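[1] Provided below for reference: sequence and predicted model.
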Amino acid sequence: MNISQQLERGKRSLVHDPREGDDNKITLVRAKGSLVWDDTGREYLDCTSQAWSNNLGANDPRVIDAAIAQMREITHARPNFNTIPLLQLTAKLREISPGDLNRIGYCLHGSLAVEMAIKLAYKNRPGRHNVIVLQDSYHGRSLTTMAASWPHPNNPFLPIQPRFTRVPHPDPYRPRLGLDVEEDSKLCLSLLEDTIMKGVDGGVVAIMMEPILGNGGHIELPLSFLKGVREICDRFGVILIWDEIQSCFGRTGEMFAADYYGIVPDIMTFGKGIGGGFPLAGIMASDRLDNFDAGEDALTFGQFPVAMAAAVATIDAIIADDLCKKARDHGAYATQRLHEIADRRKLIGNIRGPGLFVSIELVKDRKTKEPALRAASEVYKRGVKKGVLFGESRYAGLGNLIKIKPPLDCTHEQMSLALDVLDDVLGSIEADGIA
Ligand SMILES: Cc1ncc(COP(=O)(O)O)c(C=O)c1O
């Protein structure tokens, strides 16, 4: 079998069916900074940062060197042992963790970090049973986290998933009943309080939420709602879990969304951007909470020393290169350009942030806000043809979101090119009458 036959057979033998439109999935062979290359040698500007994970651009030599140096020493140690990068990383995270989030635990995937957070919350509220989540949240694809996420139509796993209680959250672009954002926020806080008191049987362990809803439509929750939830948790002794897997390590323009909003949860998850391209995730927990006892949380590869060494180098690089400031600067530039583009391209209904957590919602009509689904998938396809990978969101029933979230250390020219291409493809889509 030659290499192209091998690749073809590999493609046809994967257990994950390609999603509609993904049949011609790009095969990536190389990445550097904000650029990736496919197996035909084509170059793309990656505005997805590979699922918003390469906050520091891909293959940064400081990260690769640290990982290789660690590989020469030891690549695997089971959780019964400490390793140097484990302890170094933990000390480093303590220096930058918000408030009293001084206890740190690790795993390799965001979904498992969320499960770890839920387990620790349960451990600290014995006798209580319920975890409340927001209706458009996304927390992962393990059995538990999928159940905690926006409900999947025809979800085949329902019979073996734990149950969560979902509450509504404010949506500044689509507030309920013609309310304004602040009234919507107040209404949702009062519904949350009602749910804790009367909407569930028994006590509530935790409220788990993303500070900015990521995959569920990129919704920037109003500060009044974030503060109100914190206050309600304090009043009812409920643990507040913030899932920062998507917002952590500079994406919002601060190291964590907790810093950006000035609110400290009781447990916070992190993932994606921490590993500099290596798999790593985990939780930071308040030192007021009890820790896990032996055996309550341990995964064979959960403390992968190579990823930890890479993470130490990644955090050093994020700080040394002032990537939080770069996120703010690129984000401000992108937002200003997007507003200019929106003057010409009526498909743009809304522009969202903060920092380089940037997206636009495409709508058929600015008054009705009806999602422009075909236009959004055309933006992706036409972007690919022009060498730019835009993020899309087909989750949470919308599917009309375009995300422009390159690595935080992309150049001004790259940011500008991405926006030129976006402007261009929106123009051609409008000219073709697609919405
Ligand atoms: C907020 C949030 N939580 C959890 C996850 C799950 O992370 P992973 O895919 O690493 O399991 C994601 C991934 O997109 C996420 O955005």
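    Now that the structure is in, tell me what you want to look at.
[2] contacting residues around the residue nearest to I96 when sequence neighbours are not counted?
    Closest residue to I96 apart from its sequence neighbours, by C-beta to C-beta, 6 or more residues apart in numbering: M255 at 5.5 Å. Where you see a C-beta, it was placed from the backbone N, CA and C, and this is true even at glycine. With contacts defined as C-beta atoms under 8 Å, 6 or more residues apart in numbering, the neighbours of M255 are 96, 248-249, 318, 324.
[3] mind listing which of the residues you listed are in strands?
    The strands, defined by DSSP state E, take in nothing from these.
[4] Present these as CSV; the columns should include pLDDT, neighbour count and distance to the ligand.
    CSV is the format used below for those (pLDDT from 0 to 100; neighbours: other C-beta atoms under 10 Å; distance: C-beta to the nearest ligand atom, whole Å):
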residue, pLDDT, neighbour count, distance to the ligand
I96, 98, 15, 19
C248, 97, 27, 9
F249, 98, 28, 13
I318, 98, 25, 19
C324, 98, 24, 19
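[5] The residue nearest the centre of the chain is in what secondary structure piece?
    Centroid-nearest residue in the chain: Q246, 2.3 Å away (criterion: C-alpha atoms, centre = their mean). Counting by DSSP states H and E, Q246 is held by no secondary-structure element, helix or strand.
[6] That one contacts G214, correct?
    Yes - counting by C-beta atoms under 8 Å, Q246 touches G214, with 4.0 Å between them.
[7] what do the two both touch?
    W52.
[8] Next, G105: secondary structure please.
    Using DSSP: H, G, I helix; E, B strand; the rest coil as the criterion, the local structure at G105 reads strand.
[9] what angle sits between the helix or strand hosting I283 and strand 103-107?
    In this assignment (DSSP H and E), I283 forms part of strand 281-285. Taking axes from the mean of the first three to the mean of the last three C-alpha atoms, to 10 degrees, one finds strand 281-285 and strand 103-107 inclined to each other by 160 degrees.
[10] any idea which element I315 lies in?
    Per DSSP H and E: helix 305-320 holds I315.
[11] tell me which residues in that helix are buried?
    Within helix 305-320, the residues that count as buried by 16 or more other C-beta atoms under 10 Å are 305-318.
[12] and which of those is nearest F225?
    In terms of C-beta to C-beta, no member of those lies closer to F225 than I318, at 28.3 Å.
[13] Tell me how many other residues surround the closest residue to the ligand within the stretch 1-150 of the chain.
    Going by C-beta to the nearest ligand atom, the ligand is nearest to G110 of the stretch 1-150 of the chain, at 2.3 Å. For G110, the count of nearby residues is 29 (other C-beta atoms under 10 Å).
[14] all numbers from here: first residue = 10
    In the new numbering, first residue 10, that becomes G119.
[15] which bits of the stretch 210-359 of the chain sit near the ligand?
    Within reach of the ligand by C-beta under 6 Å from any ligand atom, the stretch 210-359 of the chain has these residues: 219, 223-224, 252, 254-255, 280, 290.
[16] what sits against the residue of the stretch 10-159 of the chain closest to the ligand?
    148-149, 252, 254, 278, 280-281, 290.
[17] now do G42
    By C-beta under 8 Å, 6+ apart, the neighbours of G42 are 66-69, 416, 418-419.
[18] so what's it bridging to?
    With DSSP bridges as the criterion, G42 is bridged to A67.
[19] Distance-wise, check it relative to P70.
    To P70, G42 is 11 Å away according to C-beta to C-beta, to the nearest Å.
[20] Same check on G50?
    For G50 relative to P70 (C-beta to C-beta), the value is 23 Å.
[21] For G286, grab phi and psi.
    phi 100, psi -10 (degrees, to the nearest 10).
[22] before we move on, the earlier item: please tell me which one of the residues of the stretch 210-359 of the chain next to the ligand counts the most neighbours.
    In these, the most neighbours by other C-beta under 10 Å go to D252, 32 neighbours.
[23] Work out the gap between stretch 357-376 and the centre of the chain.
    17 Å (C-alpha atoms, centre = their mean, to the nearest Å).
[24] and what of stretch 304-311?
    Chain-centre distance of stretch 304-311: 23 Å, with C-alpha atoms, centre = their mean.
[25] Could you break this protein into its assigned domains?
    70-329, 331-406+431-444 (automatic domain parsing).
[26] Turn these into JSON lines, including distance to Q59.
    Formatted as JSON lines, these follow (distance: least, C-beta to C-beta, whole Å):
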{"stretch": "domain 70-329", "distance to Q59": "8"}
{"stretch": "domain 331-406+431-444", "distance to Q59": "9"}
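[27] Just tell me which of the ones you listed ends up closest to T36.
    When the domains of the chain are compared (using C-beta to C-beta), the closest one is domain 331-406+431-444, at 13.2 Å.
[28] start to end distance for that closest one?
    39 Å (C-alpha to C-alpha, to the nearest Å).
[29] State the pLDDT value of P160.
    If you check P160, the pLDDT there is 86.
[30] so it, which of the three states?
    Three-state call for P160 (three-state DSSP): coil.
[31] I'd like the distance between it and I77.
    44 Å.
[32] before we move on, what about D26?
    36 Å.
[33] The two: which is more packed in?
    When D26 and I77 are compared for neighbours, I77 comes out ahead with 12 against 7, by other C-beta under 10 Å.
[34] Is it correct that G259 is in contact with K334?
    No - with contacts counted by C-beta under 8 Å, G259 stays clear of K334, the gap being 9.1 Å.
[35] Now the terminal residues of stretch 56-76, how far apart.
    Termini of stretch 56-76 sit 25 Å apart (C-alpha to C-alpha).
[36] nope, stretch 158-170 is what I was after
    12 Å.
[37] Can you give me the separation between the closest residue in space to T309 that isn't next to it in sequence and A319?
    The shortest distance from T309 to any non-neighbouring residue, by C-beta to C-beta, 6+ apart, is to R87 (6.3 Å). Computed as C-beta to C-beta, the R87 to A319 distance reads 19 Å.
[38] Could you do L410 as well?
    As judged by C-beta to C-beta, L410 and A319 stand 30 Å apart.
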